[in-house]
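Student: the sequence isn't on hand, but the structure is:
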């Protein structure tokens, strides 16, 4: 038996296949960091809501998850909550609701939204919302969107800074994950 132990211990395939515990930990950490980076860069990214421009949909201090890949497979839809680079300072990130598409005419009269002259229902807004002042008509330029916050009287949005070019879009907000009492799908 002692001879067999010696043969097994000297088997080169067993020695070559063994890794130190330290090396395995380092490799596992490196893989985890790489996967986290890939997910954050290309798939999902968390964002923090610092202002009340999207109340009642998003509250100050909410944390949301944004899907960066949704719009690779489908076109954005009217009413989507979108995170994008602010057109006047692309270092800033904004979250607003997609209201209008290229070529559409946007107008607000008597607290009602009109797109191409037709009143548009916005079921996500509080029923008692009365917007201060009218807006438009404004025609959305090519390759752009018209974005508005749900808290219409306290939102820095396309009514102030104009179009949001398509190439500034980061992704679609898909759910609120924090605080837990705000947990919901968007």
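Tutor: Yep, it's here. This one's a predicted model, so the numbers in the text were calculated from it and none came from an experiment. Numbering: from 1, shown residues only.

Student: just the helices in the chain please.
Tutor: For the chain, the helices defined by DSSP state H cover 2-9, 12-17, 21-38, 70-73, 158-161.

Student: quick check: the spatially most central residue of the chain vs residue 171, distance?
Tutor: By C-alpha atoms, centre = their mean, the chain has its centre lying nearest to residue 66, at 2.9 Å. Distance, residue 66 to residue 171, by C-beta to C-beta, to the nearest Å: 4 Å. The C-beta positions use only the backbone N, C-alpha and C, and glycine is treated the same way.

Student: look up how far residue 177 lies from residue 147.
Tutor: From residue 147 to residue 177 the distance is 23 Å (C-beta to C-beta).

Student: and the two? which has more neighbours close in?
Tutor: More crowded of residue 147 and residue 177, by other C-beta atoms under 10 Å: residue 147, with 25 against 14.

Student: who does that one bridge with?
Tutor: residue 98 (DSSP bridges).

Student: now do the same for the residue lying closest to residue 111 once chain neighbours are set aside: its pLDDT.
Tutor: Nearest non-adjacent residue to residue 111, counting by C-beta to C-beta, 6 or more residues apart in numbering: residue 131, 4.5 Å away. On the pLDDT scale, residue 131 is placed at 82.

Student: can you check the one 5 residues further on too?
Tutor: The pLDDT attached to residue 136 in the predicted structure is 84.

Student: do the same with residue 68
Tutor: For residue 68, the predicted pLDDT is 88.

Student: for residue 60, same thing?
Tutor: 95.

Student: before we move on, back to that, hmm, the residue nearest to the centre of the chain is touching residue 174, no?
Tutor: Yes. Contact criterion C-beta atoms under 8 Å: residue 66 and residue 174 qualify, at 6.9 Å.

Student: shared neighbours, residue 66 and residue 171?
Tutor: 45, 83 (C-beta atoms under 8 Å, 6 or more residues apart in numbering).

Student: how close does the residue nearest to residue 111 sit to residue 152?
Tutor: Applying C-beta to C-beta to residue 131 and residue 152 gives a distance of 5 Å.

Student: cool, residue 141 as well?
Tutor: Applying C-beta to C-beta, the value for residue 141 to residue 152 is 22 Å.

Student: with residue 114 instead?
Tutor: Residue 114 is 14 Å from residue 152, by C-beta to C-beta.

Student: which one of these two is surrounded by more residues?
Tutor: Shown here are residue 114 and residue 152; by other C-beta under 10 Å, residue 152 has more neighbours (22 against 17).
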